[in-house]
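**Q** Could you look at this predicted model? Sequence included:
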Amino acid sequence: RPGYVDATHNLGLALLDQGHTAEAVTYFRQTVRLLPQHGEAYHNLGLALAAQEQMEEAVEAFEQALQLRPQDPRAHFSLGVALGKLGKHAEAVTYFQQSLKLQPLQAEVYNNLGFAFAEQGNLDEAVACYRQAVQLRPNYPEAFSNLGNALRRLGRFAEAEASLQQALAARPDYPEAHNNLAVALAEQRKLTEALPHYAEAIRLRPDYADAHKNRSLAWLVLGDFTQGFEEFEWRWKSKGFLPRSFPQPLWDGSPLEGRTILLHGEQGIGDILQFVRYAPLVQEHGGRVLLECPGGILPLLRTCPGIDRLLTAGTPLPAFDCHLSLMSLPRVLGTTPATIPGNVPYLFADPGLIAYWQQELGDRNTFKVGIVWQGNPKFPADQYRSFPLARLAPLAQVPQVQLFSLQKGPGVEQMAAVADQFPVVDLGGRLDQNTGAFLDTAAVMKNLDLVVTCDTAAGHLAGALGVPVWLALSYAGDWRWLLDREDSPWYPTLRLFRQSRLGDWETVFDRMAEELKKLLASPRPVRPILVEISPGELIDKITILEIKSERMTDADKLRHVRLELAALTAARDRVLARSEELQRLTAELRAVNEKLWDIEDAIRACERRQDFGPHFTELARSVYRNNDQRAAWKRRINDLLGSRLVEEKAYSSYD
């Protein structure tokens, strides 16, 4: 009955207009059952389903509408929108273009076509579409905002700002435009100008997760870790972040008192390598530490102290009492730039692989520089952080320098293009194939004099290993490198070389080459001497360094002491199992070393007073008595742990 069909369809339209989408779906379905050739009803059914985020079903409805009405520009447009929501942007482009072919002057279609191009990285095409949209509709805030975003991604910041200001002129209460303008300002390091726009976006929409997350990054760059890491928790509600959902509570930093905590990685490998440094601090809160991360890097992370058990992501989890993401640890532990746990190394290369690659790399007389120039091209800002291999030519021209490529995956193809310009030894294809992610790379780095890299995981690995690393940084830079610094509190051996203007890598590498010449003109640093020692000797040295770290006041001396202490403590935790008896013997050994410290202070006081009487004689005699006791405690430790290396002493009796 035609009248009944029309009434059913019209009722669906009324319900859709009022936002009652579920009821509208019911009436549109009833309409197409009554009249299967009702193309308009299929189109409206698709709109109602899309409003309920049922995109797969919406696509089916729009496709049915197009079968019945292939010349309907609205149906082509609606299908393109639904496909875009499903991430099928290439398919969406086809339907948007067909809609425009049927009806050319559609500003909204041009705006959506531009967005589909932008999502595929076709930014020039996106800009052209957005410009067409605002030409057709001069007061179109969404298109101006999208145009500004695309121009920003192309590095055309002045045009981007102008477009975003036009979006706000058309609609001052537009939170997305405020956020996008703030991002454009932040990427020009205009952070104090960006912050008010983030604040306005959040005022207009308090639950605007992307604006909260972006503001957190601005605060972190400025060194405001308190506000920055607190606000950074909004990342879990923003696009691209999937929070882990467990019945167990999040850890709040309180004493663990024997409970088990699960730490889990997030984002990239570089982030895991950077923040795994917090594991020992968590363990110090009295808990058992589990770390879940991608299986490939487990062998490397086994060298990190403070982890009781490593778990491969995606496998069943054992029982635990609480959990936290690695990148939330700075917030929970109250990290500031001054309290970053910056002791390195906290990751360690395999000694056998170090020896192997030492033989492979050969000539000690060259200055060996490992290079990485390309990050993951899927990373949103990769066009800023990665640089062409050819830019490293100034380094290759420095006398005595030999370049070794550590590059793997995308970027390797650039090797052929520079083959006639400067020599590079290609190691990338030989690394980590048979050992595990980064294991060969770490061992090679320990045999290099310097690592030069873009801002990717290689920089974090070198820094965590305590290897000298020079990081070429884009103009804005990532939040973790802070603002206007050449050093990094995260990695004492890392030096930053920043662009002075956007895209200017030439100046970066010219300056790096000059600094490399200066470095080569200075005495070569001695490589660490790696020899086997007994556990007793290792623990003895650690207790002495602990005493020094507590009693010394000179900042430079303390820095050197704590660097050595961190390295030796990490080595101890890696190879020695903890036990109550070992802790008792360690405490006894430390007590003897504290006595020896006090005795030496007293002897020096006597010398200052020129007092060489009975008290001085007794102090001198107590030195060898305490040293004998010290040797006995070291032997007890070696016996407990079954050491094949044992310290022996020979002396005349004083009885």
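**A** That came in fine, so what should we check first? What you see is a predicted model, and the numbers here were worked out from it, not measured in a lab. Numbers count the residues shown, from 1 in each chain.
**Q** Give me the buried stretch members for the lowest-mean-pLDDT helix or strand in the chain, please.
**A** Here the helix or strand of the chain ranked lowest by mean pLDDT, DSSP states H and E is helix 555-575, holding a mean of 79. Buried residues in helix 555-575, counted by 16 or more other C-beta atoms under 10 Å: 558, 561-573. Yep, even glycine has a C-beta here, placed from its N, CA and C like the rest.
**Q** got the angle for the helix or strand where residue 623 lies vs helix 555-575?
**A** Take DSSP states H and E as the rule and residue 623 turns out to sit in helix 614-641. Inter-element angle recorded for helix 614-641 and helix 555-575: 30 degrees (by axes from the mean of the first three to the mean of the last three C-alpha atoms, to 10 degrees).
**Q** Helix 614-641: how far from the chain's middle?
**A** Distance of helix 614-641 from its chain centroid, counting by C-alpha atoms, centre = their mean, to the nearest Å, is 48 Å.
**Q** Going by neighbour count, which residues of that helix are buried?
**A** 616, 619, 622, 626, 629-631, 633-638, 641.
**Q** same thing with stretch 83-92?
**A** Using 16+ other C-beta under 10 Å as the test for burial, stretch 83-92 gives 83, 84, 88, 89, 91, 92.
**Q** Just the C-alpha atoms of it, please, in CSV.
**A** Presented in CSV, the C-alpha positions along stretch 83-92 are these (Å, rounded to 0.1, in the frame of the first residue of the first chain):
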residue,chain,number,x,y,z
LEU,A,83,33.9,4.0,4.5
GLY,A,84,36.1,6.7,5.9
LYS,A,85,34.8,6.0,9.4
LEU,A,86,36.0,2.4,8.8
GLY,A,87,39.4,3.6,7.8
LYS,A,88,38.9,2.7,4.1
HIS,A,89,40.0,6.1,2.8
ALA,A,90,41.1,5.0,-0.7
GLU,A,91,37.6,3.6,-1.3
ALA,A,92,36.0,6.7,0.1
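**Q** next one: that stretch to chain centre, how far?
**A** Using C-alpha atoms, centre = their mean, the offset of stretch 83-92 from its chain centre is 29 Å.
**Q** residue ranges of the strands in the stretch 301-450 of the chain, please?
**A** 309-312, 322-325, 367-372, 401-405, 425-426, 450-453 (DSSP state E, counting those that start in this stretch).
**Q** got the CA coordinates for stretch 567-581 in PDB?
**A** C-alpha atoms of stretch 567-581 as PDB (Å, rounded to 0.1, in the frame of the first residue of the first chain):
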ATOM      1  CA  ALA A 567      76.900   0.300  36.400                       C
ATOM      2  CA  LEU A 568      78.200  -2.000  39.100                       C
ATOM      3  CA  THR A 569      74.900  -2.300  40.900                       C
ATOM      4  CA  ALA A 570      73.200  -3.200  37.600                       C
ATOM      5  CA  ALA A 571      75.900  -5.800  36.900                       C
ATOM      6  CA  ARG A 572      75.400  -7.300  40.400                       C
ATOM      7  CA  ASP A 573      71.600  -7.500  40.100                       C
ATOM      8  CA  ARG A 574      71.900  -9.100  36.700                       C
ATOM      9  CA  VAL A 575      74.100 -12.000  37.800                       C
ATOM     10  CA  LEU A 576      73.700 -12.500  41.500                       C
ATOM     11  CA  ALA A 577      70.600 -14.100  43.100                       C
ATOM     12  CA  ARG A 578      69.400 -12.200  46.200                       C
ATOM     13  CA  SER A 579      69.300 -14.100  49.500                       C
ATOM     14  CA  GLU A 580      69.100 -13.200  53.200                       C
ATOM     15  CA  GLU A 581      72.600 -14.600  53.800                       C
END
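**Q** outside of that stretch, which residues touch it?
**A** 280, 303-306, 343-346, 348, 466, 535, 538-539, 541-542, 545, 582, 640-641 (C-beta atoms under 8 Å, 6 or more residues apart in numbering).
**Q** go with 6 Å
**A** 303, 305, 345, 346, 535, 538, 542 (C-beta atoms under 6 Å, 6 or more residues apart in numbering).
**Q** Likewise for stretch 104-114?
**A** 77, 96, 99-100, 126, 129-130, 132-133, 136-137, 140, 143.
**Q** just those residues now: which is nearest residue 421?
**A** Closest approach between those and residue 421, by C-beta to C-beta: residue 126, at 34.7 Å.
**Q** can you list the weak-confidence ranges in the chain?
**A** 1-3, 524-530, 649-655 (pLDDT under 70).
**Q** quick check: longest helix of it.
**A** Longest helix in the chain, counting residues (DSSP state H): helix 580-609.
**Q** Compute the inter-axis angle for it and helix 555-575.
**A** Going by the same axes, to 10 degrees, helix 580-609 makes 160 degrees with helix 555-575.
**Q** buried set for helix 580-609?
**A** So for helix 580-609, counting by 16+ other C-beta under 10 Å, buried means 582, 585-586, 588-590, 592-596, 599, 603, 606.
**Q** how about JSON lines for the buried residues of helix 555-575, with distance to residue 290 added?
**A** JSON lines is the format used below for these (distance: C-beta to C-beta, whole Å):
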{"residue": "558", "distance to residue 290": "33"}
{"residue": "561", "distance to residue 290": "32"}
{"residue": "562", "distance to residue 290": "28"}
{"residue": "563", "distance to residue 290": "29"}
{"residue": "564", "distance to residue 290": "30"}
{"residue": "565", "distance to residue 290": "26"}
{"residue": "566", "distance to residue 290": "23"}
{"residue": "567", "distance to residue 290": "25"}
{"residue": "568", "distance to residue 290": "25"}
{"residue": "569", "distance to residue 290": "21"}
{"residue": "570", "distance to residue 290": "19"}
{"residue": "571", "distance to residue 290": "22"}
{"residue": "572", "distance to residue 290": "21"}
{"residue": "573", "distance to residue 290": "16"}
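**Q** now for the helix holding residue 623, which elements pack on it?
**A** helix 535-551, helix 580-609 (3 or more C-beta pairs under 6 Å, 6 or more residues apart in numbering; DSSP states H and E).
**Q** got the angle for the longest one vs helix 535-551?
**A** I take that to be helix 580-609. 50 degrees.
**Q** which of the contacts of stretch 567-581 has the most neighbours?
**A** residue 346 (26 neighbours; other C-beta atoms under 10 Å).
**Q** excluding its backbone neighbours, what's nearest that one?
**A** Of all residues not flanking residue 346 in the chain, residue 277 sits nearest, at 5.1 Å (C-beta to C-beta, 6 or more residues apart in numbering).
**Q** What distance do you get for the one you found to residue 571?
**A** Using C-beta to C-beta, to the nearest Å, one gets 16 Å for the distance from residue 277 to residue 571.
**Q** and what of residue 240?
**A** 38 Å.
**Q** quick one, helices of the stretch 101-250 of the chain?
**A** Under the criterion DSSP state H, counting those that start in this stretch, the stretch 101-250 of the chain carries helices at the ranges 107-119, 123-136, 141-153, 157-170, 175-186, 191-204, 209-221, 225-231.
**Q** Using PDB, list the CA coordinates for whichever strand or helix holds residue 470.
**A** Using DSSP H and E, residue 470 maps to strand 469-473. Extracted C-alpha coordinates of strand 469-473, given in PDB (Å, rounded to 0.1, in the frame of the first residue of the first chain):
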ATOM      1  CA  VAL A 469      75.400   9.300  21.100                       C
ATOM      2  CA  TRP A 470      74.600  12.500  19.100                       C
ATOM      3  CA  LEU A 471      71.000  12.900  18.300                       C
ATOM      4  CA  ALA A 472      69.900  15.000  15.300                       C
ATOM      5  CA  LEU A 473      66.700  16.700  16.400                       C
END
